[in-house]
Structure formats: C-alpha cells, structure tokens
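[1] predicted model and sequence follow; I will ask about them next.
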Amino acid sequence: MSLLRRSSLRFLARHPGQMALTVAGVALGVAVVVAIDLAIQSAREAFRISTETVAGRATHQVDGGPGGIPDSVFTRLRVELGIRSSAPVVDGHALSPLLPGRALRILGVDPFSEAPFRPYLAPTDGELDVGVLLTEPGSVLLSRETAEALGVAPGNALPVTVGAKSADLRVAGVLTPGPGLGRQGLRDLVLTDVSTAQSLLEIPGHLTRIDLAVPPGEAGDALLSRVRSVLPGGALVRTTGTRTDQMAGMLAAFDLNLTALSLLALVFGMFLIYNAMTFSVVQRRELLGALRAVGVTRREVRDLVLGEALVTGVVGSLLGLALGVLLGRGLVKLVTQTINDLYFVLSVESLTLPVAVLGKAGLLGVAATVLAGVPAIREAVQAPPRASLTRSVVEDRTRRLVPRAAGVGVALGALGGLLLLLPTRSVLVSFGGLFGLLLGMALLTPLATVAFVGLLRPVLFRTVGILGTMAARGVVASLSRTAPAVAALVVAVSVTVGLGTMIASFRGTVVRWLDHTLQADVYLSPPAPMASRAEGALPRGLAERLRDVPGVEGVSTYRGVTVPTEEGEMRLVALELHPRGERAFRFQDGDPSTAFSRFRAGEAVLVSEPFAYRRGLDVGDTVTLRGESGTARLPVAAIFTDYGSDQGVVMMGRVGYDRLFQDRRITSLGFFLAEGVEPEGVMEGLRSRLGEGEAVVMRSNQGLRQASLEVFDRTFAITAVLRALAFTVAFIGVLSALMALQLERGRELGVLRANGLTPGQVWTLVTTQTGVMGAVAGVLAVPAGLVLAAVMIFVVNKRSFGWTLQMEVGPELLLQAVGLAIAGALLAGLLPAWRMSRTSPALALRDE
Amino acid sequence: MTWRRGLPTVGLAALTLAAYLLLASPGDGEREEVRATLNLAEAMGGTDTTGYALALEPRPFVFPVDHGPHPGFRTEWWYVTANLDGDDGRRFGVQFTLFRNALAPEPADSPPPLDWATRQVYMGHLAVTDVAGDGFHESERFTRAAAGLAGGTAEPLRIWMDDWSLTGGGSSDPDAPEAGAVFPLSVRAATERVAVSLDLSPEKPMVLQGDRGLSQKGPQPGNASYYYSFTRMAASGSVTVDGITYPVSGAAWLDREWSTSALSQDQVGWDWFALQLADGRDLMVYRLRRADGGTDPLSEGVLVERDGSTRRLSAREFSLGELGRWESPLDGTLYPSGWRIAVPTEGLDLEVRPVREDQELNVTVRYWEGAVDVMGSDGSGSVSGRGYVELTGYSPPGE
C-alpha cells in the first residue's frame, strides 16, 4: 500500500502544474462560495446586531403611521395603564459631512425609561454627566469608534443634516460597549434624548415607536390587549422578532441570487477538477494496468485515486477558504452598498467569520472534488490488468458514450425546463431548473461538437488545407479530452452571455423606464441616506415658497413613507400629480382613462408591479390602508411598471392620503418648467429661495437619470464581479484541459515532425485545432446563453423581484462571446504549440 | 423631616440617571452590565447653587399654590407616612414619597418647552411594612417631568409620576386655602407586589416648621428649606400585598419641603422622628449628625398639641439616646435600632422601637425608614403611640 501511495506521490510530483490546476480549481470555486456566503452572513449579522442593540430587551414594539405615534399615547400607557416596562423611541437617520457616504442612526430615548431595555447604552466615561442629555438640547452620545470615524471628541460640535435641515449637535460623551456587545452594535449610532431627536427629525409631539417588555403567557396577552386599547389608527404592535424577520426577509431573494451565482463558480471548478483528475488517470493508464497485473485490487486502485481526490479537495478547500476570506472583504462592501441602495441603511463593521460558513464551504469543496473525481476513479478502476490499454479503446468508449450523454442531457434539460414551467413562485425551484438546463447543455456538448466539427471539416479543408482536416479530425478522435473542455467553455461562455444579456436587458428596461418615469424637469429632495429613494421630509412651507419661482409651470409633490402592516413594511407614496406627470406611468393593467381620476380623488390606488406580484393583486382587488384618521380599503385602479423597489410601492393621490393620515409633510418636489426654460436657471431661482440651514439636493431630469443609472450599475457590480470570477474559473479549466490534450499529443506530433511537418505547420495544426474547439464552443454558447438569459429575465427575476424585463439581445455581446471562446481556446493552444514546435522529433519519439 | 433628605437628594438627583441605567436593570442573563464609574454626584455640582432660588428668609406661604411644585429650587418633596390597621387587625406601615429634582436651574427666559424637554425629574419611593406578613416591600422609580408623565399642579392639586399620584379632592375653601382644594388627599401607588390606595383628611391645622416655615439646616445663609407639615391626618383606604387587598384605616403624616442647599460639609446625616401619641399630641424631632459623631446645634423639633397649637423645640430641649443597633444584611451597615427620647420641659420620656428591624430601603441611595411603636410616660401617666423614623447617612453613598 505504501508503494502505491509512493507511486501516487511521484506521479503528482512529476506533474506539479496539473496538481496545481486541480487545487486551483477547487480553491477558486470554494473561494467564491465562501466569499459570497461570508459577505451575506456579515451583512445579515451586522443587521441583526444593530437591530438587537437598538431593540435591546424589548419584546414588542408599537410602530406608528407616517406621522409617528402621538406622545399622549405613551403618556396614557404610563399614567392611565401603569405600564412601566415601556419606552419611547424616536428613530431616524442623519448624514454628516464629517462622514460622507455613511448614514448615522439617530436613536432618541428617554434615559429614565431605558433600564428595562438598553442598559448597556450607559455611558462609561467617568466625567460624563448624563443629565446634559436633558438639560442641553442637542447633546448626543457616540461610541468611541464612531466618534473616531467622525473625528470628534466630547465637547465637539457634530454637524449633521436630518431630512433637509442642517443642525449642529454636541458630543456630550462616549459610549463604550460592554462585554457581549460588539462595536458593531453601536456603529454609527447617535444616542440622544427623545426631545432632541423629535426636534431633529421635526416630529414634535410624536414618537416613531414605543418599545415594550411584555412577559410571556396570559399576563403578557392581557397587557398587550390593554396596550392595543389606547393605540391610534395605523399603529401596530408586533414582536421585535417579527419586524426584524420582515426586514431581513427583504434580502432573501437578493441573497439567494448571489448564492446561486457563487455555486456556479463551484460547478465550474468541478469541471476543472474533473478534467485534471481524469487526465491524470489517463496518463497513468499503463501504470495502473501494470499494478493491476501484479495483483493490486480494484479496491486498492479506487482508494488510491480517491485518496488523491480527497487530498486535492482538502488542500484546495483550505486554500479556497483563505482566499474566500480575502475576497469576502471586498464583496461585503459591494453587498452592503447594494443593501443600502435598495433595502435599508446598514453599516457593516467587519467581516464575520462564522465557523459554520467556513465548515460548510470546506465540506462542499471536498465533496465537489470527490464528486468531480468519480469519473476518473471509474476510469482507473476499469483499467484492465494488463500492461497497457490503447488510447483508441478509451476513445471508442467515449464515442459510444456521446449519444448516452446527449440523452441524459436532453432529459436533464427537459427536467430543468419543467421545473421552470412549474407554476411556483419559488426562486429555489427556478434556480434548480436553471442548473438543470445548464447541465443538460453541457452533456449535449459532445454530440454537438461531433456534429459541428463534421460541418466544419470541409470548410477547414478549403481554407487551411489538409492540416485543417487533421485538426478537425483530432478534435473528434480525442473526444474524451476535447468534449469536457468544449463543454466547460460552452458553459462558461453561455453563462457570460446569459448574465451579460440579462444585465443589458435589465439596464435597457430601466433606461426606458427612467425616460418615461422622470417627467419633471427639476427634482428637489432632502439628502437621503438611501440612494434609491427619497427619505425624510422637506421643511414645512418650502413647497409653497418654491411653487412660483419664475420659469416653473407646475409642481408635483411626492410624499414617500413606510407604513407598518401585518405583512411587513409597506412603502406608500402620496402624490399630488401635475397633469404633465401622468405620462410617468406605464400601466401593465388598468384603464388609464379612469384610473387617474379615481387616483386623484383618493378613491383608488396605483400599485407597482412588484407589489402586485408579491401580494398577488390584480386590478380591482383592494389594498387596506390604516391611518390615524381611519382605515380605507381602496381598489387597485392600475398596476404600473416600476423598477425603483423590488418590495413594491403603493401610490395614492394626496387628497386620499390626507384623509387617512395626519402627516402633512412632503418628501420631494418635481418641477415642470415652461416651454424653452433652461433647468439651470430655475435651479438657481429655487436655490435663492432656500432658507438658512435648509439642505436639499436639486437635480435636473438628466442629472437624476444619471444618478439612477449609477445606482443601477452599482447594484450590478457584484453580479459583474461574480460573472468575471466564474468565467476565470472556467477559463482556467479550459486552459488546463486543452494544454493537457496537446501535451498528451506530444508523441503524435513528434511522428508528424519526423515525417516532415515543419514547426510552423505544428503551430498551424495545434492552433487550428484549439481554434476549432473555441469556435464550436462559441457557436454552441450563443443559443445556450440566450436560453439562460431568457430564463433569468423571465423566470428568475420575476420570481425573485417581481419585475418584468424586456429582453434585449445585443449582437456585440454575442460576437464578443464567440470571440472570447475562440480567443480563449487559441490562447490555450499557444503554450503547447510553442513547446511542440520547439521539441526535436527525436526527443518526442525517444519513448519508442 | 424634610431636609433630612437634603444630602441624599442632591446625590439622588445626581445619581438618578446613571444609577437607574446601571443598577436598576432587572435580572438579566444575556448581557453583562457595563460597570460605569460615573460620579454623577460630582458632575452635577451638588454644591453649586448658581441659578437656583434659595431659602434665605421666611416667606409668606400662599395656598393652594404652595402645595404645588417650586421648580426654581433644586429639590422638593411630598412625603406621606402612615401607620395603618386592617379590619382584621393586620398592621401596615406605608411610606410614599414623591421627590422633585432639578437637573439644572430653569432658564430665565425659556422658550415654550417642547413636549419632552425638561430639567425636572421626579423620583418616587413606596415602602409597605407588612407587620403580620413579615414583609417589607420597597420600590423606587424615576420619571422625567415631561410629556405628562410626571409633574405637579397646585390647582387642582395633583403630583404624579406615571400611575403613582397624590391628588387633592374637594372644592376650594377661601377660609382655609391650605386645606380647601387639597383634602381629602388621595394616595395611589402600586408596584408588582403591593398597592396602596389611601384617602387622607387632616385632623389638625397645618404646621409651619422652623421659623415661620423657614427651616435652617446649616449655619450658612441659604442652607435651609421651606417646610410645612400636616402632622395628623385620618387615613382610610386599602393596602394590597401579593394580590390580597386589606381595607385599612389609621393615621398619616404629610411633610412638604423644598430647598436648594441644606446640609453643610461637616453634616453627615440625620435621625428624624415623627411620632403620633395616643393622647393626641404629635412630636417631631430631628438630630443632625456631624462627621465627628456629635449632634449639630441646629437640630430641633416641634410639639403639636391636640388643638394644633405648636411649640418649637431647640436642640437643647430634647435628648436622644440609642437603645440598640441593627446590622444591614446588604453590606453590614450599622443603624441605630430603638431610641430613648426625652423632652424634659414636657415631662416626656419615650421609648421608640421599630415594628420590625428590617425597614431599610435598598434604593439608589440607601436609607432606613420605618414604622415604630412608642411607649413611655409624660410625668402624669403612661403614654403610647406610633410613628415613623428615618435614618440617613449611615450607608455609604453610591457604591
């Protein structure tokens, strides 16, 4: 046995490049999986910790409508009902010029109500006087890290903008988190008194929520029903867990899509492993045959190769874990950016390294290696106990396998297609279907390769001559080597085409959507912590001040709020729509002639496509809205196209909103200019009417369009990164397979050289052959890629985010794909061609 | 009995936030508390009286306004103690105190305050001594005087923090403005274990303590409080312990006091006695203890006759002797337990015994306050009575 092991080691030692490629395949695949998983987990963990820190020991929370909960509700809880385990919270976001790009969380609390909830928020600096939170409005406490990030110390001013208002806060002291509470919990948290928070967020007399510590069991239920008895309309009691889960649930589809992409990289890695391991066995056919002839059992051969696979898997996985952690540090920034752009404000302190994630990915890596090694093991075990097995036997067997593989491929593809056709909303099932299709295509590749090469042969003969025919034949003759390489290339390129087409289609759809949805000429909103939507409110009275700026023909007002519902947060927008703004809407369903008038009158709502999809709504169905002034069940007048939020949005006329809610604020304004007026001049005029301390962001139509596309591109940055990574893994696989193939043909080429083939002709032969494979892969990859794109666009995206996209096929992308495949294949032929052309025929034939 | 809280009160006000944040967190397993080294007492500048009103000279009391809060002074309290008997003979002692503390002087020209903005914080103590049930239940809470959560109004009289309150009843009486809209005075307070609901009606007129209501505590001008009392009120209502409600009746005592600065540097605490004798007389005496163990000459007292007439007692006119000691199981602090009080000019020689030794309030700043029995003689015969005793400055402040 030790002799066997030694032979194994010797072989691997003599082929270090091969070993390295296999390990690299495992490592890269595992690295991508780990990196994505870590990035997602870190973001989720950061979200959980931040949420828990802020929620503290609260078991339940009362969330109010857009205007918040009147103070008097809390007073009644305390004074009338004697519920002491309750705490008022005023929660919101601020931006500081001292820390661009990171939103601060304003947490306004009543220190006297805090003991049952957030005792760890106690400041720990000996000299700190907590009383100043009450006695000096504007005093805040920060964690040491946040203070350092902002570059402020106790006693310093902290300039912020909240909504559209700038203010100077004063750092009263520094909070040091206790044991069990990491820095993450206090990251970017600005703790202040509830009165300061109310005045900063401009909600005097209102709380954003009330925290409750409710005992379990009947006593708790009784307490909750007493609480409910004093709540105003629109307020909702939920367990803190429910709300956290609902928020985290918003990320589910996003996470799943990233995970699926990362698994793709692992699948590519498996191709690579499969190739390298099979090749290493093929190279040792004679050795293995000899071993079997001297009495080594099949079992021992199996264990030998399995052992190699395991070692490769373990080494590769370990490297992959290390690489994945490095990669994860970069990806977590991209993931966090996207969450901030699209979902909610989140700041991630650092990459967390849960053992479970690492262990899972490590196991996955080893398992994938062994799985990819199964064909190699089978091949090794089947080596008959004699000195040698001719290559032709292997190739014959491979050729016989081609139709069978194609059959399995068709079956897998059909299964995948079936999964995709299932009337389910499960994104997981969709990805199962997608992977089925992908594998089916890979298995169909050998057959397609044979067919294509048959078609190409005459062409090659006419263009390259006899060498062309030889090259074409060579591809088919060594199908056991070429087919996996071509398949890997097909999969890699088709995924590149598919993702590229999906992103391009998405972008094209969004561009067209922006073109019609951005109707106003100038937009004005408060600086917002989230890129994808306007948050906060404009100063009261600002809209009136700006309406009659010269050049302005009309104004649309926009009020975006988040309303708590039993099903989670609902994004609600109240619009006072200028007639010219109606063109912003493209209805997928609903009658425009009546929808707008009902919408304006507050008799009906318009819902975005993702909202309708998520809640299963059709035109005519009702949406229930609970406001302070009452509850309304309003019919859906139309479903409109919207790519601003995958959570969806409900729009209603301002009149209807004002009937339901007591909130009279405005989030942003859209100005329609008179014919021929330049936006720059009007923006100048608007700016001149701003009061002191009023900070707003003003954008022209083009500016907002540009900014929106920047967010879009940022969102897809991570997809592009993954696409590049997946392609790299696949490309390394193809490179190694082709190089192995050509190196293996050393003797054959030696014979040809001895028979008079010039080094230049060797170049032609080798590069033509790899070029042919590249061309075949490129041609096969185009339809495969388009199928993948269609699936991603029409199934995965719809099911994940509820969006309908228009598919756009860019010819340049397809040409690029074919070019990429050919270039990659040619590149892979360079080293072998160079080596073959330089090798003297005698040397190549020395074995004879 | 008022300034008796002077020293701790400044400390209390100072420690309020930190202490509550740090110490009052209920049994938690998940996260260890941050151990702060806050010294808020210092940070609060307990000796800096700038910006506050001071009790410098006797002033006219105006009722019912003076029943309400005086936010210009740093501290103030509404202090009720009562000895009660249940219908079934079960005996209770009740202490219910609402303290007002200013974290900073009220600004002179303040804009109309926002809903939550305030410099006034209320602290409440409720202690029920359940003699037969062998229980002593104390509780402490803090609430800011904002958003209607805590505060005080004179007309109608209502001092409250959350669901604890002291509320005046009846209609105003121009002939006795200090009593008219005030009585019956309702006490309502509950915790998870006990609840107290009492109505109090005076049986004697109001007593202005010290010099026409100015009670000098330290030799410096301004180290004084404004102080008045209702030394005997009929109390009736109920006491609830662990879900069982006992109808009760008995006698209560109300102290009202407000000040900015009281004790001097060399005064460490006080022993305060409010005794109601069965013959209808009430005796209040306090001893200011000096750091050197001596009695401060500013200690004093008052004797209230059956008809409400009063006689001020100077430190020389009464004597106080300890009969025993009780050791706190919390930290071994030794409190006197049992006293001999003699007022020779009145012929009074009294022995005062706590109804139970363990009546220490384990609150932010610990002190002993409990129901007592009185036995003795007045020269012509034996006297008996009940009362309340407060002992402060024995337990080291803070941690």
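    Nice, I can see it.

[2] where do the strands sit along the stretch 201-350 of chain B?
    B:207-208, B:214-216, B:224-241, B:244-261, B:267-277, B:282-290, B:300-304, B:310-314, B:319-322, B:325-327, B:334-336, B:339-343, B:348-354 (DSSP state E, counting those that start in this stretch).

[3] low-confidence stretches in chain A?
    For chain A, applying pLDDT under 70 flags the ranges A:1-2, A:119-129, A:177-183, A:383, A:385-394, A:531-532, A:730, A:742-743, A:842-848.

[4] closest one to chain A among the strands of the stretch 201-350 of chain B?
    strand B:224-241 (13.3 Å; CB to the nearest CB). C-beta: built from backbone N, CA, C; applies to glycine.

[5] how about that closest one, does it reach chain A?
    No: applying CB under 8 Å from any CB of the partner chain, one finds strand B:224-241 separated from chain A by no less than 13.3 Å.

[6] that strand pairs with which strands?
    strand B:194-202 (antiparallel), strand B:207-208 (antiparallel), strand B:214-216 (antiparallel), strand B:244-261 (antiparallel) (DSSP bridges).

[7] need those in TSV with mean pLDDT, can you?
    Below are the strands paired with strand B:224-241 laid out as TSV (pLDDT from 0 to 100):
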stretch	mean pLDDT
strand B:194-202	96
strand B:207-208	96
strand B:214-216	93
strand B:244-261	95
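
[8] nearest to chain B: which residue in the stretch 451-600 of chain A?
    A:Arg540 (15.7 Å).

[9] that older thread, mind putting the strands of the stretch 201-350 of chain B into a markdown table with mean neighbour count and distance to A:Tyr558?
    Listed next are the strands of the stretch 201-350 of chain B as a markdown table, based on neighbours: other CB atoms under 10 Å in any protein chain shown; distance: least, CB to CB, whole Å:
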| stretch | mean neighbour count | distance to A:Tyr558 |
| --- | --- | --- |
| strand B:207-208 | 18 | 65 |
| strand B:214-216 | 20 | 64 |
| strand B:224-241 | 22 | 55 |
| strand B:244-261 | 22 | 54 |
| strand B:267-277 | 24 | 64 |
| strand B:282-290 | 24 | 68 |
| strand B:300-304 | 22 | 71 |
| strand B:310-314 | 15 | 72 |
| strand B:319-322 | 14 | 76 |
| strand B:325-327 | 14 | 70 |
| strand B:334-336 | 17 | 68 |
| strand B:339-343 | 18 | 75 |
| strand B:348-354 | 20 | 70 |
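
[10] now those strands as a markdown table including distance to A:Lys798?
    Formatted as a markdown table, these follow (distance: least, CB to CB, whole Å):
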| stretch | distance to A:Lys798 |
| --- | --- |
| strand B:207-208 | 83 |
| strand B:214-216 | 80 |
| strand B:224-241 | 62 |
| strand B:244-261 | 64 |
| strand B:267-277 | 76 |
| strand B:282-290 | 81 |
| strand B:300-304 | 86 |
| strand B:310-314 | 89 |
| strand B:319-322 | 86 |
| strand B:325-327 | 76 |
| strand B:334-336 | 76 |
| strand B:339-343 | 85 |
| strand B:348-354 | 78 |
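
[11] nearest to A:Gly691, out of these?
    Of all these, strand B:244-261 sits nearest to A:Gly691, with 41.7 Å by CB to CB.

[12] which of the residues in the helix or strand harbouring A:Leu28 are classified as buried?
    Element membership for A:Leu28, per DSSP states H and E: helix A:16-55. For helix A:16-55, a neighbour-count test (16 or more other CB atoms under 10 Å in any protein chain shown) marks A:18-19, A:21-47, A:49-55 as buried.

[13] what comes up buried for the next helix or strand after that helix?
    Remark: after helix A:16-55, the chain's next helix or strand is strand A:60-63, criterion DSSP H and E. Neighbour counts using 16+ other CB under 10 Å place A:His60, A:Gln61, A:Val62, A:Asp63 of strand A:60-63 among the buried residues.

[14] repeat that for stretch A:188-203.
    For stretch A:188-203, the neighbour count (16+ other CB under 10 Å) marks A:188-203 as buried.

[15] before we move on, what about stretch A:301-321?
    A:301, A:303-306, A:308-309, A:311-321.

[16] within reach of chain B, which of those residues are there?
    Of those, not one also sits near chain B (CB under 8 Å from any CB).

[17] in strands, which of the residues you listed appear?
    Taking DSSP state E as the definition of strands, those contribute nothing to them.

[18] can you pull the contacts of the nearest residue to A:Asp188 once chain neighbours are set aside?
    Once flanking residues are discounted, A:Asp188 sits nearest to A:Ser347: 4.8 Å by CB to CB, 6 or more residues apart in numbering or on different chains. For A:Ser347, the contact set (CB atoms under 8 Å, 6 or more residues apart in numbering or on different chains) comprises A:Ala46, A:Ser50, A:Arg102, A:Ala103, A:Arg187, A:Asp188, A:Thr336.

[19] which among those residues gets closest to chain B?
    Closest approach between the contacts of A:Ser347 and chain B, by CB to the nearest CB: A:Ser50, at 15.1 Å.

[20] the closest residue to A:Val762 other than its chain neighbours - how many residues pack around it?
    In space, and not counting its chain neighbours, A:Val762 is closest to A:Ser837: 4.4 Å by CB to CB, 6+ apart. For A:Ser837, the number of neighbouring residues by other CB atoms under 10 Å in any protein chain shown comes to 19.

[21] A helix includes A:Ser837, no?
    Yes: with DSSP: H, G, I helix; E, B strand; the rest coil as the criterion, A:Ser837 is part of a helix.

[22] I figured it was touching A:Leu765, is that so?
    No: checked against CB atoms under 8 Å, the pair A:Ser837 and A:Leu765 is beyond contact range at 9.7 Å.

[23] returning to what we had before: and the residue nearest to A:Asp188, that's in a strand?
    No: looking at A:Ser347 with three-state DSSP, it is coil, so not inside a strand.

[24] surely A:Leu741 touches A:Ser478?
    Yes: between A:Leu741 and A:Ser478 there is a contact under CB under 8 Å: 6.3 Å.

[25] which SS class is whatever residue of the stretch 251-399 of chain B ends up closest to chain A?
    Per CB to the nearest CB, B:Thr364 is where the stretch 251-399 of chain B lies closest to chain A, at 11.5 Å. Here B:Thr364 is recorded as coil under three-state DSSP.

[26] do I have it right that it meets B:Glu138?
    No: proximity of B:Thr364 to B:Glu138 does not meet the contact threshold set by CB under 8 Å, at 11.5 Å.

[27] which of the two has more neighbours?
    B:Thr364 (23 against 19).

[28] give me the phi and psi for that one.
    Here is the backbone geometry of B:Thr364 (degrees, to the nearest 10): phi -50, psi -50.

[29] A:Leu725 versus that one, what's the distance?
    B:Thr364 is 59 Å from A:Leu725, where distance means CB to CB, to the nearest Å.

[30] what sits against the nearest residue to B:Ala104 once chain neighbours are set aside?
    Distances taken as CB to CB, 6+ apart place A:Thr135 nearest to B:Ala104, at 4.0 Å, with adjacent residues excluded. When contacts are counted by CB under 8 Å, 6+ apart, A:Thr135 touches B:Leu103, B:Ala104, B:Arg119.

[31] of those residues, which is the nearest to A:Phe672?
    B:Arg119 (49.8 Å).

[32] burial of that closest one, as a residue count?
    B:Arg119 has 21 nearby residues by other CB under 10 Å.

[33] before we move on, the earlier item: hmm, the residue of the stretch 451-600 of chain A closest to chain B is touching A:Glu694, no?
    No: with contact defined as CB under 8 Å, A:Arg540 does not count as touching A:Glu694 (10.9 Å).

[34] near chain B, which residues of the stretch 201-350 of chain A?
    A:Pro204, A:Gly205.
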